[in-house]
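>>> Here is the input, now give the coordinates:
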Amino acid sequence: MPRPARAEMVARPVAWTYGQTRFESVLVYDDAVATRRPGLLMVPAWFGVNANAIRKAEQIAGQRYVILLTDMYGATVRPRTTEQARNAVAPLLADRALMRGRINFALGRLRAQAANAPVDVSHLAAIGFCFGGAAVLDLARSGADVAAVVAFHGNLGTDDPALAKHIHARVLAMNGADDETTSPQFGNFTQEMRGSPAPWQFVLIGHAVHCFTEVEATAASGLCRYDPQAAGQSYALMQQWLGDAFAAAP
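Residues are numbered from 1 along each chain as shown. This next block holds a predicted model:
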């Protein structure tokens, strides 16, 4: 009797150059399953690609997805402190055209992985956390051809609310109802998304603050804190949202 395949999570470096900058990302998937599966472009929180982000990508990927954990800063920028992270995101939040260019190029690199990884390029989506939420929302605003975008406790601001009319992806944004970092953006985001022709939902999770999926945010109180109940709820909503989006895709 054949022995069952043993799950082995691959975390393989994927590098590219965009403009004059080299980027180093990580492709994550379970190679015990040969079946092609949906590809997710994942942008981590503002500390970028690091060991914690890779573990998170592995947990989300499981046997469901192939994930490209995306470097948005460049290979030489790996923040270790809050100040360094703030400095890393500042140029991209100030130049949203640059951010949209980088995230769209990364989407092309995810498609290219189908040559040597089990990516189903007919079923692509993007997910992002904190700063990464801003990046994937900007991917949607650019009119990118993805089935869905999911933002967790993301920065919701935009340089141009009129871009919402270009959105094709089904957008799900989930923020903590007590998130003092992003709550000033709630009203404008809701108004912006009313201009989108695509399905969208904006979910406020009661009592949650910023960073509610970030297991490293261990403070007992504060503006940025992991909340296992909110994290579990948001991941369940993500799975349903992605499943519905992929089912509706041609």
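>>> Give the next helix or strand downstream of the one helix or strand Met42 maps to.
Assigned by DSSP states H and E, Met42 falls within strand 37-43. Next along the chain after strand 37-43, taking DSSP H and E as the criterion, comes helix 51-61.
>>> Let me see the mean pLDDT of that following helix.
Here helix 51-61 scores 98 as its mean pLDDT.
>>> Show residues contacting it.
9, 11, 26, 28-30, 40, 42, 44-45, 47, 67, 69, 127, 129, 213, 215-216, 235 (CB atoms under 8 Å, 6 or more residues apart in numbering). Yep, even glycine has a C-beta here, placed from its N, CA and C like the rest.
>>> neighbours around Gly195, how many?
Number of residues near Gly195 (other CB atoms under 10 Å) recorded here: 13.
>>> Same question for Val66.
With other CB under 10 Å as criterion, Val66 counts 23.
>>> Please tell me how far it sits from Ser122.
Taking CB to CB, to the nearest Å as the measure, Val66 falls 13 Å from Ser122.
>>> what's in contact with the lengthiest helix in the chain?
Ranked by number of residues, the top helix in the chain under DSSP state H is helix 228-248. Applying CB under 8 Å, 6+ apart, the external contacts of helix 228-248 come out as 38, 40, 60, 123, 125, 127, 147-148, 150, 152, 169-170, 172, 174, 176, 201, 203, 205, 207-208, 212-213, 215.
>>> Make a ChimeraX selection of the buried ones in those residues.
Those of those that count as buried under 16 or more other CB atoms under 10 Å are selected in ChimeraX with:
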select :38,40,60,123,125,127,147,148,150,152,169,170,172,174,176,205,208,212,213
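>>> In helices, which of the contacts of helix 228-248 appear?
Ile60.
>>> Let's see which of the contacts of helix 228-248 end up in strands.
38, 40, 123, 125, 127, 148, 150, 152, 170, 172, 174, 176, 201, 203, 205 (DSSP state E).
>>> Quick one, which of the contacts of helix 51-61 are buried?
9, 11, 26, 28-30, 40, 42, 44-45, 47, 67, 69, 127, 129, 213, 235.
>>> Mind giving me the packing neighbours of the strand or helix carrying Leu93?
In this structure, Leu93 sits in helix 82-94 according to DSSP H and E. If you count contacts as 3 or more CB pairs under 8 Å, 6 or more residues apart in numbering; DSSP states H and E, helix 82-94 packs onto helix 96-112, helix 131-141.
>>> quick one: average pLDDT of the longest one?
If I follow you right, that is helix 96-112. 98.
>>> Check which residues of that helix are buried.
Buried, per 16+ other CB under 10 Å, within helix 96-112: Arg96, Met99, Arg100, Arg102, Ile103, Asn104, Ala106, Leu107, Arg109, Leu110.
>>> dump the residue contacts of the fifth one.
Ile103 is in contact with Leu41, Val43, Thr70, Met72, Ala126, Ala135, Val136, Asp138, Leu139, Ser142, counting by CB under 8 Å, 6+ apart.
>>> Let me know the distance separating it from Leu242.
Counting by CB to CB, the gap from Ile103 to Leu242 is 18 Å.
>>> Could you do the fourth one as well?
If you measure Arg102 against Leu242 using CB to CB, the figure is 23 Å.
>>> which other residues reach the helix holding Leu93?
So helix 82-94 is in contact with 46-48, 72-73, 77, 79, 98-99, 102, 131, 134-135, 155, 157, going by CB under 8 Å, 6+ apart.
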